[in-house]
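*Asks:* Turn this into a structure:
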Amino acid sequence: MRTILRFFFRLLYHPFAFTYDLVAATVSFGRWKDWVMSVVPFIEGTRILEIGHGPGHLQRLLLSRNLLAVGLDESAQMGRLAKRRLGAASNLTRGLAQHLPFRVESFDTVVATFPAEYIFDPSTLQEAFRVLIPGGRFVILPGAVIIGRGIWDRFLAWLFRITGETPPNLSEVIRQKSKEPFAKAGFQVEVQELEVRSSIVLLALATKMENHVQETA
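*Replies:* Alright, predicted model coming up:
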């Protein structure tokens, strides 16, 4: 099942990227954008890097607030979609989170919503640490859990569980999965839960420790 889902998401994020918004809205019963926007109150400073910008909804909101928003994504198809949405205001680049093409201490906040497993890669965490200012924040939205009691909400919650997208103990999984890698990379991390439209959004808020010296390979 996990292999099938990874294949599906790769198709959705690349050759079928034009269907991404429709699919995301359908499988979340219209909650997807609200989930993504829930990270906004946790974004600090004026220089913001979004890893995995996707179709560009968060980028558009950040730019509307006169922030210096930069987006990075591996998918060329998503880059084209986002550029059409943002127009001349876009500041997007294609690349990998494990090799960020930015200078040291370029950003106040790095943010990623619903990223794939690469977000916990030590190389990704090291790169996020490198481009953040001391005390900067790495905001990650790894998942959401449906808690509504309506028939369709219960069906969707069941579907997410059997596909492994949202296991019953997702909050604890995130805590255990993030604790050691983030600490080793130089971050102090806390996991928060937000209630958003009959669902719980999980956020990992990682702060760059100012006196930490990263290990080098």
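
*Asks:* Which pLDDT value goes with the nearest residue in space to Pro115 that is not next to it in sequence?
*Replies:* Once flanking residues are discounted, Pro115 sits nearest to Gly52: 5.0 Å by Cβ to Cβ, 6 or more residues apart in numbering. Where C-beta positions appear, they are placed from N, C-alpha and C, glycine not excepted. Per-residue pLDDT puts Gly52 at 96.

*Asks:* Show the contacting residues for Gly52.
*Replies:* By Cβ atoms under 8 Å, 6 or more residues apart in numbering, the contact set of Gly52 is Leu72, Asp73, Glu74, Ala97, Ala112, Thr113, Phe114, Pro115, Ala116.

*Asks:* Quick one, which of these are buried?
*Replies:* Neighbour-count burial (16 or more other Cβ atoms under 10 Å) is assigned, among these, to Leu72, Asp73, Glu74, Ala97, Ala112, Thr113, Phe114, Pro115, Ala116.

*Asks:* And Glu14, how close does it get to Ile200?
*Replies:* Small correction: residue 14 is His, not Glu. Distance of His14 to Ile200, given as Cβ to Cβ, to the nearest Å: 30 Å.

*Asks:* Please say which of those two ends up with more neighbours.
*Replies:* For His14 versus Ile200, the count of surrounding residues by other Cβ atoms under 10 Å is larger for Ile200: 16 against 13.

*Asks:* tell me which element the more buried one falls in.
*Replies:* Following DSSP states H and E, one finds Ile200 within strand 199-208.

*Asks:* What strands flank that strand, and is each parallel or antiparallel?
*Replies:* When pairing is defined by DSSP bridges, strand 199-208 lines up against strand 132-146 (antiparallel), strand 187-195 (antiparallel).

*Asks:* Can you tell me what sits against the last one?
*Replies:* Residues from elsewhere that reach strand 187-195 (Cβ under 8 Å, 6+ apart): 38, 125, 129, 138, 147, 171, 174-175, 178-179, 182-183, 200-209.

*Asks:* again, only this time at 6 Å
*Replies:* 38, 174-175, 178, 182, 200-207, 209 (Cβ atoms under 6 Å, 6 or more residues apart in numbering).

*Asks:* Closest to Gly87 out of those?
*Replies:* Ser38 (25.4 Å; Cβ to Cβ).

*Asks:* And stretch 88-102, end to end?
*Replies:* Chord length of stretch 88-102, first to last residue, is 21 Å (Cα to Cα, to the nearest Å).

*Asks:* for that stretch, which positions count as buried?
*Replies:* Within stretch 88-102, judged by 16+ other Cβ under 10 Å, the buried ones are Ser90, Leu92, Leu96, Ala97, Leu100, Phe102.
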